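Trainee: here is my input; please provide its structure:
(one chain, ligands or ions: 1)
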Amino acid sequence: MNQDQLKIPHATAKRLPLYYRFLKNLSSSGKQRVSSAELSEAVKVDSATIRRDFSYFGALGKKGYGYNVNYLLSFFRKTLNQDETTTVALIGVGNLGTAFLHYNFTKNNNTKIEVAFDVDESKIGTEIAGVPIYHTNDIESELEKRGIDVAILTVPVGAAQPIADQLERAGVKGILNFTPARLTLSSEIRVHHIDLAVELQSLVYFMKNYS
Ligand SMILES: NC(=O)c1ccc[n+]([C@@H]2O[C@H](COP(=O)([O-])OP(=O)(O)OC[C@H]3O[C@@H](n4cnc5c(N)ncnc54)[C@H](O)[C@@H]3O)[C@@H](O)[C@H]2O)c1
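Mentor: Numbers count the residues shown, from 1 in each chain. Here you go, the predicted model:
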């Protein structure tokens, strides 16, 4: 990540994939420009926030013209590393893990699960949706060989910390954690925690209080 990108606020950075996906669709349908009002309607972010976000990218919309779709797309592609595919490892090929392996992430962005790990002997040596499954003993060697530094964690809660420690030793820099475990790792490793129960609770809260 370069210095310019570091200056983008966290909340703005999180909205980038949303903008990127919508602009890509616009571009494929031949649209050259878009207003912040149209964007706002499509991605459900208010237009003042969109204008502020875009000003961080040096994209200043012109009155009566809007934003240049291709300029924004090329900026997002660079920022989100869309020019190269990011390969990812998945640990824990159970209900959730198997669903992710079947889901083709590359449809909307260039991330791809390349390898998976489990401890269940009946799964090891097999493939799901073309992704090979190895024993967790092979995490270090396989990740190093494949140059992977991002992992998705879908193991039972009790296995989360030891597996995360192993991922740290394997040089992983980012973990998308679907388990309820709070992981303790070096501050150099970025952990994003996705807790469906919390998301659902927050949805219900906002429905009740802000609808
Ligand atoms: N299923 C869901 O809808 C859901 C939703 C939100 C969060 N989660 C969380 O995601 C995680 C996985 O859920 P699930 O429903 O897929 O569970 P699951 O029991 O179906 O799958 C867990 C998988 O991890 C493997 N495993 C066990 N110990 C391991 C280890 N030490 N190393 C590597 N693999 C190991 C198991 O063999 C199994 O294949 C859990 O922590 C759960 O709380 C699940």
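
Trainee: where along this protein do the helices fall?
Mentor: 3-6, 10-28, 36-43, 47-56, 69-79, 95-102, 139-146, 157-169, 196-210 (DSSP state H).

Trainee: turn those helices into TSV, columns for mean pLDDT and mean neighbour count.
Mentor: Every residue, glycine included, has its C-beta placed from N, CA and C. Converted to TSV, the helices of the chain look like this (pLDDT from 0 to 100; neighbours: other Cβ atoms under 10 Å):
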stretch	mean pLDDT	mean neighbour count
helix 3-6	44	10
helix 10-28	88	16
helix 36-43	89	16
helix 47-56	87	16
helix 69-79	84	17
helix 95-102	96	16
helix 139-146	96	16
helix 157-169	97	17
helix 196-210	87	9
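
Trainee: any chance of TSV for those, columns distance to residue 86?
Mentor: Listed next are the helices of the chain as TSV, based on distance: least, Cβ to Cβ, whole Å:
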stretch	distance to residue 86
helix 3-6	15
helix 10-28	12
helix 36-43	22
helix 47-56	22
helix 69-79	13
helix 95-102	15
helix 139-146	12
helix 157-169	16
helix 196-210	23
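
Trainee: residues from this structure in reach of the ligand?
Mentor: Residues of the chain lying close to the ligand (Cβ under 6 Å from any ligand atom) are 91-97, 117-120, 136, 154-157, 159, 163, 178-180, 196.

Trainee: can you list the domains in this structure?
Mentor: What automatic domain parsing lists as the domains of the chain is 3-77, 86-197.

Trainee: any chance of JSON lines for those, columns distance to residue 207?
Mentor: Compiled in JSON lines, the domains of the chain are given as follows (distance: least, Cβ to Cβ, whole Å):
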{"stretch": "domain 3-77", "distance to residue 207": "15"}
{"stretch": "domain 86-197", "distance to residue 207": "16"}
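
Trainee: relative to its centre, which residue of the chain is most distant?
Mentor: residue 64 (33.7 Å; Cα atoms, centre = their mean).

Trainee: where does the residue lying closest to residue 120 once chain neighbours are set aside land on pLDDT?
Mentor: Beyond its immediate neighbours in the sequence, the residue positioned closest to residue 120 (Cβ to Cβ, 6 or more residues apart in numbering) is residue 93, lying 7.5 Å away. pLDDT recorded at residue 93 is 98.
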